[in-house]
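>>> sequence and predicted structure are below.
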Amino acid sequence: MFSDFGSILVVGGGIAGIQACLDLADSGYFVYLIEKSAFIGGKIAQLDKTYPVNDCPFCIRYNEHMECASHTNIELLTLSEVKDIKGSSGSFKVTIAQHPRYVDIEKCTVCGLCAETCPEEVNDEFNEGLGKRKAVYLEYPEAVPNSYVIDRKNCLHFAEEGCSICREACNENAIDFDKKEKNITLNVGSVILATGFDSVVPSYCEYIKFPNVITSMEYERIHSLNGPYGGHLIRPSDRKEPKNIAWLQCIGSRDMKHNYCSTVCCMYAVKQAILAKRSNRKLNTTIFFMDMRVCGKDYERYYNRAKDEDDVRFVRSRVHNVFPVDGTDNLLIRYADEQGKIFEEIYDMVVLSLGLEPSQDAVKLVRDLGISLDKNNFVETSSFAPVNTSIPGIYVCGALNAPKDIPESITEAGAAACASSLNIAAYKAASREPLEETGQKPASTGLIVGGGVTGMVSCLCLADQGYKAYLVEKTDKLGGHALKLRKTFNGEDVTSYVKELIDKVENHPLIDVCLNSEVKHTDGYAGNFSTRIAISSSTKTKNIRHGVTIISTGANPLRTDEYLYGKNSSVLSWFQLDKMLSEEPNTIKKANAWVFILCVGSREPERPYCSKICCSSALRNVLELKKLNPDMEIYVLYRDMRTSGLIEYLYTEARDKGIVFIRYKLDGKPEVDEDQYGRLKVRILDNILGEHIIIQPDFIILQTAIVPGNNENLAKLFKLPVNQDGFFSEAHKKFKPVEFSAKGIYFAGLAHYPKPIDETISQAQAAAAKAVTVLSKEYITTGNEVASIDLKLCAACLTCARICPSGAVIINAIGKPYVEPAKCRGCGICVVECPTKAIILEHFKNDPILTECEAFLEPFTDYVQ
Amino acid sequence: MKGKFEPLIIAFCCNYCPSCSVDLAESAKLQYPPNIRIIKVPCIGAVGTIHILKALENGADGVCLMGCLEGNCEYSTGNFRARKRVQYVKKLLGKLSIEKERLEIYNLSAAEAHRFCKLAGEVTETVRTLGPIPLKIDNSKI
C-alpha cells in the first residue's frame, strides 16, 4: 500500500469510476477504488444491450473489469463506504469503513457449493427482484471480484439460528463468520466522485404496483439472456408472451419535482422496442412520449430505423393514468394527444421509462463535504471546468453532476483522470505495469491538429503534465468558432474564457504553436510518429517526431439558402445574432417580434442527424432577448425540443416567460415570405389549433445545422475512419468515445459530433488523459503477442510482407523481413503462411495450437477405449 | 469398457466473433455436445494445414473451423485464407481415402450462440454416422 500523497481515490465502481481508474493507473498513478456493493461494474452489468450498436455492454467491458481487479496500480476495496474526507487538495485524509465479505477472495474457487446448500432464499436485486438468490451469492457468473459474498442482512448465521451450513459445505475453508468491520485511513492527493445514479420512482406513479407495469431496468433483466426468464420476453404476472407493450416516457423526469430531462430514457426505450420487435415480429410496440430526444451520434438514424424498418409506433401524447382491466392482468392506458383529445388503449405490459437522479448515499456524502449542489442535488460544475467541484482537488464524473449517457460518462471519467492527475503530477507513483517492452522509448511529445477550444485544452493538459505539445492550426489565429460565441447555455462568458485560454497556450514554454500550417504527411505508430507540417506562407516544412496525435479539427455551421437566408437582411443565423447581441443591443430592443426556426438543415433526409446544440443555444438567446425587452413577442418553431439533461431548466424558464413554442413537421415546414418593402411573414400550421397562423416578425433567426469540416484529407493522411455524415468514427460508439482503433491517435470536440462546450472540454481532457497513458511509458509497449522472424531459417521469400494485414512486416537494408512490434497485432497468419516456418508468435514458441490439440486428444482416446 | 462410439471433434475458434458466440452459449447455459473440444486461435487464418492434419492424426474424428463472418475478419482476409486452406486439406483427405465431411468450416457472428450449438450438434452427428477415423491406432491390438 502506498502511503504518500501521490495516490488518487475513486469513489464508485461503475463504468465511470472504472474508466477513471484505468486511465490513471495506465499513466502510472496509484489509485484506490472504493465500491459500496460487493462487485464492481455498476448498472452496466444489468443492461441487456446498448444503443445504437445493439452490443452486449458487459461482453465489451469485461476485460476492463478484470483489469481493474488485477492492475498493479489499483487497489480495489469493495463493500466500502467513505465516512469522511479531511484536508485539502494535494493531501486529503480519507476514512473508509470496509464491511466484511465473510468469504475469502483468495480462497474462494467459485464452485457454488455454499449457495447450493444455503437454506435462505431472498429476492435478487441484480434481477430487480424478479428472481431469487441465496444469502450467500455471486451476482452473476462473471462478477468481479469473482468470489461469493455473504449478505449479512439475510444470512441466518447472524439471525438467531446461528446457521453455518455454508461454512461446512465449503471445501476451501473460505468462509469466516468472525470477520469484523474495518476502518481504513488513506492519504490521497485527489478524489474523484463517480457514484452514479438511482432510478426514480415518483410518488404519483401509483400504478407501479400492478404486476405487469414494470420499470425499464426490470425490462432489461427480462430481456437479458442471463436474466430471470432466460431472455424470453414474457410478462411477470402469468409468464405469457405479451402481444403488445407500451413504453411510457418521462416517468420521474420533466415533472414538477424533477424538472430536468434524464437524457437517456428516449434512446433506451427505442432500443427496448426495437429488440422486442426483433424477438417477436408480431408484437405491437408503442412508445408514448412528449419529445423524442435522440441527440447523440447516430441516435437519429437509430430512431428513424425504429420508425421505418422496425415498425415501432410513436405517439406524441401525455398519459395521465394506467388502470387495471378487470378479470385480466392487462392494463388500460388513458392518454391525451397533442390536440387534447382523450384516447384509451389496452396493453398486456407497460414499461415505465424511469428517470435518473443522483444516488442518495452519495448526495449525503457530497453535502457533508460541503460541495455545492444544484436544486436537484446534482453536483454543480462550470462549463469550462466540467469535472471540477466547488472544492479544489475533488472531481466528479458520470451521472453525479447531470444525467448522462455511457459515452459522455466515459469521456468525463477521462477528463476527471486528467484533471486529478494534474493536481498531483509531482507525486507520480513509482509502480509501473510490467507489460511487454519493445525496448524503444516513446517520443514524449504530442501533436494536436486544430487550434480551437478543444485543441487548446488538450494542449494545455499535455503541457501541464510536462510533455511538449505542437499545436497545428490552419488559420492565422487560435480559438476557432468559439471566438464567435458569447455565452454558454447557463450564461457563462465564453469570450473571456477563450481569450484567457489563448493567452495561456501562447505563453506556455512547452507549447509550440504553428499557425497557417497543415499536416502534409504522417507515418509511424503509437509512441513514434513522424509528421511533416507545411507552413502555407512559405515553402518551408517542418518535421516533428511525436508519441501521440490528437485530432480536434472541429466542425462548421451549415450555409443554408432556406427561409430567404442571404436574400433578406433580417433573416439571420444564430452566430449573427450573437454578434448583434454584443454589438447592437439597441436595434434588438426596438424589435417587437422574433421568430426562431430550429432544425434548419438538421434531421433532414440528406443530413439525418441532430446537431445537438441548436435547441439550447436558441433558448439561451431567447431568454437574453426577453431580458432586454420583456414586451417582445418571441415564437420558437421547433420539431422536437431537445433540451436534454439540465438544459431543460432553460425550456421551463422560457415557457414561464411567455415564449410561444410551435411544433412543425418535416412535411409542413414554416413558409417565409417578404413583401415589397422587405417585411417578413411566416406561415405555419399550429398543431394545437389545427389551423395555419401568420406571424410578422422583425427578425428570423435560423438555428442552422453543424456540418463536419473537410475531414476527408486528414482521414486519408492518418488512415482514420469517417462515418456517413463525415464525422470521424470512434473505436466503439459506446465505450471508446475518444479513441480511434489505431493506437496513439485520439480525437475530441466537434470533429467527433456536434456538442456543447462543456462536453467539448471534457472530451479534450479525456483525449489528453488517453494520450498520457502512451507518453508516460518508459518504453513503447505492445498489448498483444507479436510475431518475430528467425533470420537463420528465413528464405526471404517475402510472403509474410505480402500477406500481413497490418503492414507490420518491412524489408530491412539487407533484404530480409523484419516485424515492427508496435504495428503487429498478433494474428498469426504469417506464422502458418511462412513456407520455412521461420516465424513464431512470441510466447507461443512450441506451437501452442498443436500442444493444445494433443492435450485434448490423449485422455479422450483412453476414455473411449 | 467399450461403449457406443462417441466421436471427438476439435473445433478451432477464432478469438474474435466465434469465441464470443461460444462464451455467450456457455453463459446462457445452452447445451452443446461434449464431443466438441474448442481451441481458441488468434485468427482462423492462423490455423495451418499442419494443425488440421495433426489433429486428425492424433485421434480426432473430425475437425471444424469457426471463423468470423466473411468481410468481418479483424485481419481483413484471415477467414478467406482459412476457407481456401480447408478446400486444399479436403483434397488431401480425398487422396488419403478419408471422408471429406470430417472437415468443415463455418462463419459465425459474435451473437450466434444458438447457431453455434446447432452447428456443434450437426457436426457431431455427421462424424458419428461416419464412424471412427480410420487413422486411429487401436491400442488394444498392439
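Done, it's in. Numbers count the residues shown, from 1 in each chain, chains lettered A, B, ... in the order given.
>>> let's see the helix-or-strand element of chain B with minimal mean pLDDT as PDB, backbone CA atoms only.
One helix or strand of chain B scores below all others by mean pLDDT, DSSP states H and E: helix B:17-27, with a mean of 87. Coordinates of the C-alpha atoms in helix B:17-27 are reproduced here as PDB (Å, rounded to 0.1, in the frame of the first residue of the first chain):
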ATOM      1  CA  CYS B  17     -16.600 -13.400 -33.100                       C
ATOM      2  CA  PRO B  18     -17.000 -17.200 -32.800                       C
ATOM      3  CA  SER B  19     -15.400 -17.300 -29.400                       C
ATOM      4  CA  CYS B  20     -17.900 -14.600 -28.300                       C
ATOM      5  CA  SER B  21     -20.700 -16.900 -29.500                       C
ATOM      6  CA  VAL B  22     -19.200 -19.800 -27.600                       C
ATOM      7  CA  ASP B  23     -19.000 -17.700 -24.400                       C
ATOM      8  CA  LEU B  24     -22.500 -16.400 -24.900                       C
ATOM      9  CA  ALA B  25     -23.700 -20.000 -25.300                       C
ATOM     10  CA  GLU B  26     -21.900 -21.000 -22.200                       C
ATOM     11  CA  SER B  27     -23.100 -18.100 -20.000                       C
END
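>>> figure out how far that helix is from the centre of its chain.
Relative to the chain's own centre, helix B:17-27 is displaced by 15 Å; criterion: Cα atoms, centre = their mean, to the nearest Å.
>>> how much space between A:Phe727 and A:Ser353?
Separation of A:Phe727 from A:Ser353 (Cβ to Cβ, to the nearest Å) stands at 28 Å. Every C-beta, even on glycine, is put in place using the N, C-alpha and C of the backbone.
>>> what of A:Pro442?
A:Pro442 is 46 Å from A:Ser353, by Cβ to Cβ.
>>> list the buried residues in the least confident helix or strand of chain B.
B:Cys17, B:Pro18, B:Ser19, B:Cys20, B:Ser21, B:Val22, B:Asp23, B:Leu24, B:Ala25, B:Ser27 (16 or more other Cβ atoms under 10 Å in any protein chain shown).
>>> ditto for stretch A:808-816
For stretch A:808-816, the neighbour count (16+ other Cβ under 10 Å) marks A:Ala808, A:Val809 as buried.
>>> does chain B sit close to it?
No - judged by Cβ under 8 Å from any Cβ of the partner chain, stretch A:808-816 makes no contact with chain B; its nearest approach is 10.8 Å.
>>> just the CA coordinates for that stretch, please, in PDB.
In PDB, the C-alpha atoms belonging to stretch A:808-816 read as follows (Å, rounded to 0.1, in the frame of the first residue of the first chain):
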ATOM      1  CA  ALA A 808       3.900  -4.700 -39.900                       C
ATOM      2  CA  VAL A 809       6.500  -6.600 -41.900                       C
ATOM      3  CA  ILE A 810       9.100  -4.400 -43.500                       C
ATOM      4  CA  ILE A 811      12.100  -5.300 -45.600                       C
ATOM      5  CA  ASN A 812      15.400  -4.100 -44.000                       C
ATOM      6  CA  ALA A 813      18.600  -2.900 -45.600                       C
ATOM      7  CA  ILE A 814      19.900  -6.400 -46.100                       C
ATOM      8  CA  GLY A 815      16.800  -7.600 -47.900                       C
ATOM      9  CA  LYS A 816      15.400  -9.600 -45.000                       C
END
